[in-house]
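> Build me a model from this:
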Amino acid sequence: MNSVTHKAAARGLAKRPTDLGHKHLSIDEKAVKKGHKYISILSDEQTGITIGATAGRTKESVEKLRTSALTEHQRSKVETICTDTWDAYIYGAKTYFPAAKHCHDNFHLVDYLNKAVDKVRRREVKQHEALKNTKYIYLKDHMNLSEKQRIKFESIKDANYEVSKAWRIKENFRDIQFKQTNDEAFIIYMRCRQDAMAAKIAEVTEVVEMFDRHLKGIINAIETGANNARAERLNGAIQELDL
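Now for the predicted structure:
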């Protein structure tokens, strides 16, 4: 962990209250040194407080977070814990927080689909001149598009491009309404899945099949509304300090 990142994480740790009563946690990673090394961060999703940070993103890293950050009693009170689909984080969440619902939140679902959308765009741009210089048009939140970008998107969004279809699939997942009953969560997911698979876009199909392997965590997130948004903002702030 470089010195600037270490100081940023340390400031977050210093904000921890003494009577930790965390109910909704996330385990996430932060790439440092141009992505060649990582730190693992345990944070409180409700407050944004950093609970623990350690080098690496292995099972041993999560073990260090577990032993240094929270007591067994505190871990037993955690209700939800969000991670991405990294095996070490899934293992840590299920092993060290057995009473909590393990969740794969909407932020990560959309992130995986965004990457699929960009793969489709890069494939199709070789055949379609109109798709040149559209990377950020498809990846940005459309509330943040410039007027020029908006005009460009309107000119191509209804064309029969696979990237436009993939973008709409991604938006369907992004628009999932959370805090549903378990049955409703399953139905909502399956509707989005059906639309995605019907498009027969290889890059999207690959992501959705990965979602299927992590179905329980996704349903838990839709049911509880748990998400990693604060953790991602924290990681972004650390990223800015590293640059």
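
> Strands of the chain, start to end?
Taking DSSP state E to define them, one finds strands in the chain at 24-32, 37-44, 50-55, 80-82, 101-103.

> got the buried residues for the second one?
By 16 or more other CB atoms under 10 Å, the buried positions in strand 37-44 come out as Y38, I39, S40, I41, L42, S43, D44. To be clear about C-beta, it is placed using only N, CA and C from the backbone, and glycine gets the same treatment.

> Distance to I90 added to those residues, as TSV?
Shown next, in TSV, are those (distance: CB to CB, whole Å):
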residue	distance to I90
Y38	16
I39	18
S40	13
I41	16
L42	14
S43	17
D44	20
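
> Distance to E162 and mean pLDDT added to the strands of the chain, as JSON lines?
What follows is the strands of the chain, written out as JSON lines (distance: least, CB to CB, whole Å; pLDDT from 0 to 100):
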{"stretch": "strand 24-32", "distance to E162": "30", "mean pLDDT": "90"}
{"stretch": "strand 37-44", "distance to E162": "33", "mean pLDDT": "91"}
{"stretch": "strand 50-55", "distance to E162": "40", "mean pLDDT": "91"}
{"stretch": "strand 80-82", "distance to E162": "31", "mean pLDDT": "96"}
{"stretch": "strand 101-103", "distance to E162": "30", "mean pLDDT": "96"}
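
> Look up the pLDDT of the closest residue to A88 other than its chain neighbours for me, please.
Leaving out its chain neighbours, the residue that sits closest to A88 by CB to CB, 6 or more residues apart in numbering is K59, at 4.8 Å. Note on K59: pLDDT of 94.

> can I see the domain layout of the protein?
Structurally, the chain divides into domains by automatic domain parsing as follows: 3-101+226-242, 106-224.

> Which of those has the lowest mean pLDDT?
domain 3-101+226-242 - the lowest mean pLDDT of those, at a mean of 79.

> how close does T134 get to K200?
Counting by CB to CB, to the nearest Å, the gap from T134 to K200 is 22 Å.

> neighbour-wise, which of those two wins?
T134 (20 against 10; other CB atoms under 10 Å).

> rewinding a little: pipe the strands of the chain into TSV and attach distance to E184 per row.
Output for these, formatted as TSV (distance: least, CB to CB, whole Å):
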stretch	distance to E184
strand 24-32	21
strand 37-44	27
strand 50-55	31
strand 80-82	18
strand 101-103	16
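
> Pick the most deeply packed of those strands.
Highest mean neighbour count among the strands of the chain (mean count of other CB atoms under 10 Å): strand 80-82, with a mean of 28.

> partners of that one in the sheet?
With DSSP bridges as the test, strand 80-82 is paired with strand 24-32 (parallel), strand 101-103 (parallel).

> These: which one's closest to E129?
Set against E129 and scored by CB to CB, the strands paired with strand 80-82 come closest in strand 24-32, at 34.4 Å.

> Now do the closest one against strand 50-55: the angle between them, please.
40 degrees (axes from the mean of the first three to the mean of the last three CA atoms, to 10 degrees).

> Render the CA-only coordinates of stretch 83-103 in PDB, please.
C-alpha atoms of stretch 83-103 as PDB (Å, rounded to 0.1, in the frame of the first residue of the first chain):
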ATOM      1  CA  THR A  83     -19.300  -8.000  -2.200                       C
ATOM      2  CA  ASP A  84     -18.500  -8.400  -5.900                       C
ATOM      3  CA  THR A  85     -18.100 -11.900  -7.300                       C
ATOM      4  CA  TRP A  86     -14.400 -12.200  -6.300                       C
ATOM      5  CA  ASP A  87     -14.100 -15.700  -4.700                       C
ATOM      6  CA  ALA A  88     -12.000 -14.500  -1.700                       C
ATOM      7  CA  TYR A  89     -14.600 -11.900  -0.700                       C
ATOM      8  CA  ILE A  90     -17.500 -14.300  -1.100                       C
ATOM      9  CA  TYR A  91     -15.700 -16.800   1.000                       C
ATOM     10  CA  GLY A  92     -15.000 -14.200   3.700                       C
ATOM     11  CA  ALA A  93     -18.600 -12.900   3.700                       C
ATOM     12  CA  LYS A  94     -20.100 -16.400   4.100                       C
ATOM     13  CA  THR A  95     -17.400 -17.600   6.600                       C
ATOM     14  CA  TYR A  96     -17.000 -14.700   8.900                       C
ATOM     15  CA  PHE A  97     -20.500 -13.200   8.700                       C
ATOM     16  CA  PRO A  98     -22.700 -16.300   8.700                       C
ATOM     17  CA  ALA A  99     -25.800 -14.500  10.100                       C
ATOM     18  CA  ALA A 100     -25.700 -11.800   7.400                       C
ATOM     19  CA  LYS A 101     -27.400 -12.000   4.000                       C
ATOM     20  CA  HIS A 102     -24.600 -12.000   1.400                       C
ATOM     21  CA  CYS A 103     -25.500  -9.700  -1.400                       C
END
